[in-house]
Every structure is written in structure tokens, then in C-alpha cells.
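K.L.:
What shape does this take:
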Amino acid sequence: MKYEDPKMEAYFKSLPGAVQNYINQSGIDICSLGDLTLIGEHFTNNQRDDTSATNRTP
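P.N.:
Model (predicted):
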């Protein structure tokens, strides 16, 4: 995704590739750095939770 705001573009590029892909494929319209940060943190945290749950042993 390409953002006009350099801060948004820099933050987007700092996200893990899987999170970038999810945002790109979602088709959502992100209009502010605040929105992008919230979405990025949400999906990054969910990705970590999914990974840690997969690595747990019963």
C-alpha cells in the first residue's frame, strides 16, 4: 500500500509482512496514522497470540 503521508508509509513498512498483506487484502480505507497504528498493533498482537498458541505444548 502506498500512503501520501511519509509517517504512515514508514509505519506501514515497519509492520511484519503478514500484517501488511492482511491490510492490503482487506481493502479498508485508512485515513490517519492513528487508525493505521491501531490496526497495525491489533493485527501484530493477534499474530503473536496465534504463534504462541501454536507453540504451546499441552
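K.L.:
Asn24: which element?
P.N.:
Under DSSP states H and E, the secondary-structure element containing Asn24 is helix 17-26.
K.L.:
in the protein, which segments are predicted with low confidence?
P.N.:
The model of the chain has pLDDT under 70 over residues 50-58.
K.L.:
ok, which stretches of it are helices?
P.N.:
In the chain, the helices defined using DSSP state H lie at 6-14, 17-26, 33-55.
K.L.:
and the first one, what does it pack onto?
P.N.:
The contact analysis (3 or more CB pairs under 8 Å, 6 or more residues apart in numbering; DSSP states H and E) places helix 6-14 against helix 17-26, helix 33-55. Heads up, the C-betas are built off the backbone N, CA and C, glycines and all.
K.L.:
to the chain's geometric centre, what's the distance from that helix?
P.N.:
Helix 6-14 sits 11 Å away from the centroid of its parent chain (CA atoms, centre = their mean, to the nearest Å).
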